[in-house]
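Participant: Here you go, sequence then predicted model.
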Amino acid sequence: MENSFQGIKNKNQANTSESSTPKIISRIITTLLWFLFAANIACLFFFFPTIPDWKYENIFRVNGFTILIWTTVTFFGALVSTYASTYLKGFRYHTKFMVLCLVFTLAVMLFVASEHVALLLFSWLLMAIIMSRLIGVDAQWGEAREASKFTLKYFLTGTFFLTVGVLLLAFQSDMYTVSGIVSSIAELPIYILSIAAVCIIIAAIVQSAIYPFHRWLLSAMTAPTPASALMHAGFVNGAGILLALFSTVLFATKTLDLLFVIGGLTAIIAQFTKLLQVNIKQKLACSTIAQMGFMIMQCGLGFFNAAVAHLILHGFYKAYLFLASGEEIAHSRPKKAIHFRITPLQAIAVLVFGMCGAVLFAQLTGKGTTLDSSIFLTLIVAITVGQTTYNIVKESSLSMMQKMFVPPVLFIAGIGCYALMYNGVTVLMADLPMVAVPLPLSAVQIVFGVIFLIGFFIMKLEVYRNIPWIYVKLMNISQPYKKSILFYKSKS
């Protein structure tokens, strides 16, 4: 009898020890990530605004831009791991998720600090592999495995094009560091630069889920909520970092207009498709695609600093939305559409506040005061302020006095914070060449700007709902890969 009790006791102790292991690993990883964040933000504040530019044997480079991205990615990594320690409690792959989360964060840090092209390409590939593993972290779930394989195909495609573009520049210039390649751009044949630029652009738009490479993000819904937060807050934003590193190649080949058009089309289409979704994660995915479109547009206008500021703010916003979604991530019945209605007085309020927001933005950042590509940044701000104002003046729970004072308070605070972020990012990116170079207004920019405005108003007026083929087309292009949703359950 005594031996039996001792055996049961030993078994219970073993089970307790086994169950405590994920907690210990989770605590260690979370503590490490918070420590890295604290160290980076301390360094950022201590050295700002003149952060030293440090290199090690043409392998690593750490400067203001590096510390900025390190601070951002370690914060998201620490936040997600802290959330996951409770959210994934009892999940059989909890430890696996935490380890992958740590490795992904370190991979992004390695990518940003990479000076040698081999290390740059390796870290880009590592980010892709780890993210696909996070999407399919539940290895026993058939749909998760399919989503993991499907997304990995896209990631490997992007890595292939980046490898071709970067190695083409490296071999042609006989330079194997990022700064060396950038410094030798003027000596390279234009056809080599053009091929490399297109390859780098393809790699960027694949990772940011820009149309027509958007389906991988829509198919990644099998990922646990913390993984989705890390994906939408960090991974998809990698394109902004990549394009900023190789901005000189894009300027030299005059491919910025291509980025502007691709980003603008994506922003419009994704905003349309977002309105058709009845699943919270799918709505958030379409929203991310639209925001990545805006980020690519900013790169196409020559403002890579604005794109980096955008990706940081988007990361905070989207991480919050995913981590706060919780139990609401479920299908719901489509609600009756709320049609766009606005009175003349409300229209005047929207126009006035939108123009005031644009003027304030121009004064705080110096953008939009001359007839160049910066005017589009100001236009986007005006549209954002106008749309926010419309939402406020249509809110029945607010009094007339509140409707008069809430919009200016919001846009002054919002634009002030954005301007502070924008100017701070600009200072930290000072070591990178051509991060904020306004372009002369071109016919392509003007024509597409008009198309963008028309598309925006068609969306707001919901004209597309009255044109069946457009509605069906938008529904079709916003569908995930068939094997990533209910495929194995339907086979059982």
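Facilitator: Thanks, I have the structure now. Numbering: from 1, shown residues only.
Participant: Tell me who's in contact with residue 445.
Facilitator: By Cβ atoms under 8 Å, 6 or more residues apart in numbering, the residues touching residue 445 are 257, 260, 301, 373, 376, 439. C-beta: built from backbone N, CA, C; applies to glycine.
Participant: Quick one: residues in contact with stretch 371-386.
Facilitator: The contact list for stretch 371-386, computed with Cβ under 8 Å, 6+ apart, reads 294, 297-298, 301-303, 306, 350-351, 353-358, 361-362, 365, 367-368, 407, 411, 415, 438-441, 445, 449, 456.
Participant: Show me just the buried residues among these.
Facilitator: Under a neighbour-count criterion of 16 or more other Cβ atoms under 10 Å, the subset of these counted as buried comprises 294, 297-298, 301-303, 306, 350, 353-354, 356-358, 361-362, 365, 367-368, 407, 411, 415, 438-439, 441, 445, 449.
Participant: The contacts of residue 445: which two are farthest apart?
Facilitator: Using Cβ to Cβ, these reach their maximum pairwise distance at 257 and 376, which is 11.9 Å.
Participant: So which of the two has more stuff around it?
Facilitator: Here residue 257 and residue 376 are compared on neighbour count by other Cβ atoms under 10 Å; more neighbours surround residue 376, at 26 against 17.
Participant: how far away is that one from residue 442?
Facilitator: With the distance defined as Cβ to Cβ, to the nearest Å, residue 376 ends up 11 Å from residue 442.
Participant: show me the contacts for residue 319.
Facilitator: Under the criterion of Cβ under 8 Å, 6+ apart, the contact list for residue 319 reads 76, 79, 80, 229, 230, 232, 233.
Participant: cutoff 6 Å now
Facilitator: Remark: with contacts taken as Cβ atoms under 6 Å, 6 or more residues apart in numbering, residue 319 is in contact with 76, 229, 233.
Participant: how many neighbours does residue 54 have?
Facilitator: Residue 54 is flanked by 11 other residues according to other Cβ under 10 Å.
Participant: sorry, that was for residue 393
Facilitator: For residue 393, the number of neighbouring residues by other Cβ under 10 Å comes to 21.
Participant: surely it meets residue 402?
Facilitator: No - with contact taken as Cβ atoms under 6 Å, residue 393 and residue 402 are classed as non-touching, separated by 10.1 Å.
Participant: how about the nearest residue to residue 192, chain neighbours excluded?
Facilitator: Computed as Cβ to Cβ, 6 or more residues apart in numbering, the closest residue to residue 192 that is not its neighbour in sequence is residue 172, at 5.0 Å.
Participant: Enumerate the positions of the helix or strand containing the one you found that are buried.
Facilitator: When secondary structure is defined using DSSP states H and E, the element that contains residue 172 is helix 142-173. Of the residues in helix 142-173, those scored as buried under the neighbour-count criterion (16+ other Cβ under 10 Å) are 142-148, 150-152, 154-155, 157-159, 161-170, 172-173.
Participant: Now do the helix or strand following that helix: everything it contacts.
Facilitator: Of the helices and strands lying after helix 142-173 in sequence (DSSP H and E), the nearest is helix 178-183. The list of residues contacting helix 178-183 from outside it, by Cβ under 6 Å, 6+ apart, reads 115, 169, 173, 175, 245, 248.
Participant: do you know how far the second one is from residue 243?
Facilitator: Residue 169 sits 14 Å away from residue 243, taking Cβ to Cβ as the criterion.
Participant: where does the stretch 1-150 of the chain have low pLDDT?
Facilitator: For the stretch 1-150 of the chain, applying pLDDT under 70 flags the ranges 1-19.
Participant: returning to that earlier point: filter the contacts of residue 319 to the buried ones?
Facilitator: Here the buried ones among the contacts of residue 319, as counted with 16+ other Cβ under 10 Å, turn out to be 76, 229, 233.
Participant: Secondary structure and distance to residue 426 for those - can I get that in JSON lines?
Facilitator: What follows is the buried ones among the contacts of residue 319, written out as JSON lines (DSSP: H, G, I helix; E, B strand; the rest coil; distance: Cβ to Cβ, whole Å):
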{"residue": "76", "secondary structure": "helix", "distance to residue 426": "22"}
{"residue": "229", "secondary structure": "helix", "distance to residue 426": "28"}
{"residue": "233", "secondary structure": "helix", "distance to residue 426": "22"}
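Participant: Just give me the closest of these to residue 136.
Facilitator: Compare each of the buried ones among the contacts of residue 319 with residue 136 using Cβ to Cβ and the shortest gap goes to residue 229, at 16.6 Å.
Participant: these two touch, right, the closest one and residue 79?
Facilitator: No - with the criterion set as Cβ under 6 Å, residue 229 and residue 79 do not qualify as a contacting pair; they are 8.0 Å apart.
Participant: now stretch 93-103, how far from the chain's geometric center?
Facilitator: How far stretch 93-103 lies from its chain's middle: 21 Å, per Cα atoms, centre = their mean, to the nearest Å.
Participant: quick one: contacts of it?
Facilitator: Stretch 93-103 is touched from outside by 22, 25, 26, 29, 81, 88, 130, 133, 134, 137, 138, with contacts defined as Cβ under 6 Å, 6+ apart.
Participant: for the stretch 251-400 of the chain, which spans come out with low pLDDT?
Facilitator: Flagging of the stretch 251-400 of the chain using pLDDT under 70 yields the residue ranges 325-343, 346.
Participant: let's see it at 80
Facilitator: Where the stretch 251-400 of the chain drops to pLDDT under 80, the residues are 275-281, 320-350, 353-354, 365-372, 383-400.
Participant: Which stretches in it count as helices?
Facilitator: All helices of the stretch 251-400 of the chain, identified by DSSP state H, counting those that start in this stretch, fall at 256-276, 280-300, 304-325, 344-365, 374-393, 400-428.
Participant: Deepest in the core, which of those is it.
Facilitator: Here the criterion is mean neighbour count by mean count of other Cβ atoms under 10 Å, and of the helices of the stretch 251-400 of the chain the winner is helix 280-300, at a mean of 25.
Participant: For it, enumerate the helices and strands it packs against.
Facilitator: Helices and strands touching helix 280-300, by 3 or more Cβ pairs under 6 Å, 6 or more residues apart in numbering; DSSP states H and E, are helix 256-276, helix 304-325.
Participant: the inter-axis angle of that helix versus helix 374-393?
Facilitator: 150 degrees (axes from the mean of the first three to the mean of the last three Cα atoms, to 10 degrees).
Participant: the inter-axis angle of helix 280-300 versus helix 256-276?
Facilitator: Using the same axes, to 10 degrees, one finds that helix 280-300 and helix 256-276 are set 160 degrees apart in direction.
Participant: Touching helix 280-300 from outside, list them.
Facilitator: 208-209, 214, 217-218, 221, 232, 236, 240, 243, 256, 259-260, 263-264, 266-267, 270-271, 273-274, 277, 306-307, 310-311, 314, 321, 325, 328-329.
Participant: and that helix with helix 304-325, angle?
Facilitator: Using the same axes, to 10 degrees, the direction of helix 280-300 lies 170 degrees away from that of helix 304-325.
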